[in-house]
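1. Here is the input, now give the coordinates:
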Amino acid sequence: MSDISTIRNKVRNLLGDVSKRGTDPFVYGNSPVFTLTENNIDDIISVYHNDTELDSGEFSFDTTTNKLTLYNSGNTSGDIIEVIYNYCPNYSNNEIDSYIRAAISHLAVSSEMIWIEDSEMLYPPPIVKETNLISLVTSILIDPKNVSYRLPDISVIIPTGGAKGTSTAEQVRRLISYYKKDSEAGAGVWGII
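-> The predicted model follows:
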């Protein structure tokens, strides 16, 4: 798993935006193109044509348009097409990836932690604690009103009221400051920011 996808999965868990299963049935008319109901499709699990599973080469899915296109020329009007897929209810991968890049920028400016992204990999490779920090900063950027975040080696609690009176930038600054202190002290769990 690449660094960005690892961080993305941690962010989804922190925000409670976990993958769900969706199923869309369609009746074939005169077009081999079908628009799926849910957004933020992670992957197409299977496509059935009259209860027969199609091979992956018999269809394609465009994440931008949310449309599935069948290449099977044996479709006739009235055939039943069923699509089973995984999706995330709140954020697309592209949205989260944009926030991850913003978090990496915050860390570069505030803490001199600098990573270069190349094909979803970060260089130098971040250690687990650094991926957790990137995940937490990303989560705060996405949802600054969330009042607590917990990962195996880091726990952060924002005082009651969450972002009330505390800007997102200030929350991120405090988080990075605690990370620096924690790293110097060798401690494992953070407290209130």
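
2. Now do Val147, the pLDDT please.
-> Looking at Val147, its pLDDT stands at 62.

3. now the one 10 residues further on
-> At Ile157, the model reports a pLDDT of 68.

4. what does Asp182 give?
-> For Asp182, the predicted pLDDT is 68.

5. what do you get for Asp79?
-> Looking at Asp79, the pLDDT reads 95.

6. How about it: what's its closest non-neighbour residue?
-> Spatial nearest neighbour of Asp79, excluding adjacent residues (C-beta to C-beta, 6 or more residues apart in numbering): Tyr28 at 4.0 Å. All C-beta spots, glycine's among them, are computed from the backbone N, C-alpha and C.

7. wait, what's in contact with that neighbour?
-> Residues near Tyr28 by C-beta atoms under 8 Å, 6 or more residues apart in numbering: 75-81.

8. what's the spacing between it and Lys67?
-> Separation of Tyr28 from Lys67 (C-beta to C-beta, to the nearest Å): 15 Å.

9. what does Ser119 give?
-> Ser119 is 26 Å from Lys67, by C-beta to C-beta.

10. cool, Leu136 as well?
-> Leu136 is 35 Å from Lys67, by C-beta to C-beta.

11. Between the two, point out the one with more neighbours.
-> Neighbour count, other C-beta atoms under 10 Å: between Leu136 and Lys67, Leu136 has more, with 27 against 13.

12. Now do the buried residues in stretch 167-174.
-> Buried residues in stretch 167-174, counted by 16 or more other C-beta atoms under 10 Å: 168, 171-174.

13. got it, and stretch 76-87?
-> Those would be 81, 83, 85, 87, for stretch 76-87 by 16+ other C-beta under 10 Å.

14. Which two of the residues you listed have the greatest separation?
-> Ile81 and Tyr87 (17.7 Å; C-beta to C-beta).

15. host element of Asn13?
-> Assigned by DSSP states H and E, Asn13 belongs to helix 3-15.

16. chain center to that helix: distance?
-> 6 Å (C-alpha atoms, centre = their mean, to the nearest Å).

17. Contacts for that helix next, please.
-> Contacts of helix 3-15 (C-beta under 8 Å, 6+ apart): 1, 17-19, 88, 90-91, 93, 96-97, 99-100, 117, 120-122, 125-126, 131-132, 134-136, 138-139, 142-143, 146, 149-151.

18. got it, and stretch 31-45?
-> 19-22, 24, 26, 59, 61, 63, 65-72, 75, 81, 83-93.

19. Now list the buried members of the residues you listed.
-> The buried subset of those - by 16+ other C-beta under 10 Å - is 22, 24, 59, 61, 66, 68, 70, 72, 75, 81, 83, 85, 87-88, 91, 93.

20. still on that earlier bit, out of the contacts of helix 3-15, name the ones that lie in helices.
-> 93, 96-97, 99-100, 131-132, 134-136, 138-139, 142 (DSSP state H).

21. will you turn the residues you listed into JSON lines that also has distance to Asn50 and pLDDT?
-> Converted to JSON lines, these look like this (distance: C-beta to C-beta, whole Å; pLDDT from 0 to 100):
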{"residue": "Asn93", "distance to Asn50": "32", "pLDDT": "89"}
{"residue": "Ile96", "distance to Asn50": "37", "pLDDT": "95"}
{"residue": "Asp97", "distance to Asn50": "38", "pLDDT": "94"}
{"residue": "Tyr99", "distance to Asn50": "42", "pLDDT": "96"}
{"residue": "Ile100", "distance to Asn50": "42", "pLDDT": "96"}
{"residue": "Thr131", "distance to Asn50": "45", "pLDDT": "92"}
{"residue": "Asn132", "distance to Asn50": "47", "pLDDT": "89"}
{"residue": "Ile134", "distance to Asn50": "46", "pLDDT": "93"}
{"residue": "Ser135", "distance to Asn50": "44", "pLDDT": "93"}
{"residue": "Leu136", "distance to Asn50": "48", "pLDDT": "89"}
{"residue": "Thr138", "distance to Asn50": "44", "pLDDT": "94"}
{"residue": "Ser139", "distance to Asn50": "44", "pLDDT": "91"}
{"residue": "Ile142", "distance to Asn50": "42", "pLDDT": "93"}
